[in-house]
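J.: Predicted model and sequence follow; I will ask about them next.
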Amino acid sequence: PHYYETADRFPRHSSQFQTIMGGHYNPAAEPKSEQDLQKLKDAHIPVAFRDKCAHILVDLNKCRRRTFYNPNKCEHERHTYEECQYYSYLQRVEAKKQEDVVMKARKADIEASQK
């Protein structure tokens, strides 16, 4: 399986995920593979930040501009964005683990066929 195919199947509602996150789950912080590119372009989101959490960054930046980048404001939006980044990280870690398992199995098959 490809990285993106496995990353989207990370079971956030599973008991393993609930243990990792301490039982906390915020559906608003869900990473999305499909982003509205026109919306990101209109919001002037740099290409480097157009990842799975860019849809949250649009709202965060609107709040930041509205409050003149006051660090005491937009805490909820910032927390949601950071939580999304963390969920995305967990997806990448899980995808890498699955990829390692697949690669290890392929390597074992190749070594077995050469004997």
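T.: Arrived safely, thanks for sending.

J.: use CA for all of it now, contacts and neighbours both
T.: Will do.

J.: can you pull out the helices in the chain?
T.: Here the chain has its helices, by DSSP state H, at 3-7, 15-20, 37-42, 54-66, 75-114.

J.: ranking those by burial, who's on top?
T.: helix 54-66 (a mean of 18; mean count of other Cα atoms under 10 Å).

J.: packing partners for that helix?
T.: Helices and strands touching helix 54-66, as assessed by 3 or more Cα pairs under 8 Å, 6 or more residues apart in numbering; DSSP states H and E, comprise helix 37-42, helix 75-114.

J.: Let's test this: mean pLDDT of the shortest one, rounded?
T.: Averaged over helix 37-42, pLDDT sits at 96.

J.: cool, the longest one as well?
T.: Here helix 75-114 scores 94 as its mean pLDDT.

J.: Confirm for me that C63 is in contact with C74.
T.: Yes - here C63 lies in contact with C74, judged by Cα atoms under 8 Å, at a distance of 6.0 Å.

J.: Please name the residues that touch P31.
T.: 52-53, 84-85, 87-88 (Cα atoms under 8 Å, 6 or more residues apart in numbering).

J.: Ok, K32 next?
T.: Per Cα under 8 Å, 6+ apart, neighbours of K32: 52-53, 55.

J.: and which of the residues you listed is nearest to D109?
T.: In terms of Cα to Cα, no member of these lies closer to D109 than K52, at 34.5 Å.

J.: surely R50 meets L40?
T.: Yes - contact criterion Cα under 8 Å: R50 and L40 qualify, at 7.5 Å.

J.: Give me the residue at the spatial middle of the chain.
T.: With distances taken as Cα atoms, centre = their mean, S88 lies nearest the centre of the chain, 1.9 Å away.

J.: Please report the distance of that one from K39.
T.: To K39, S88 is 21 Å away according to Cα to Cα, to the nearest Å.

J.: cool, E83 as well?
T.: When E83 is compared with K39 (using Cα to Cα), they lie 21 Å apart.

J.: can you check I56 too?
T.: Counting by Cα to Cα, the gap from I56 to K39 is 11 Å.
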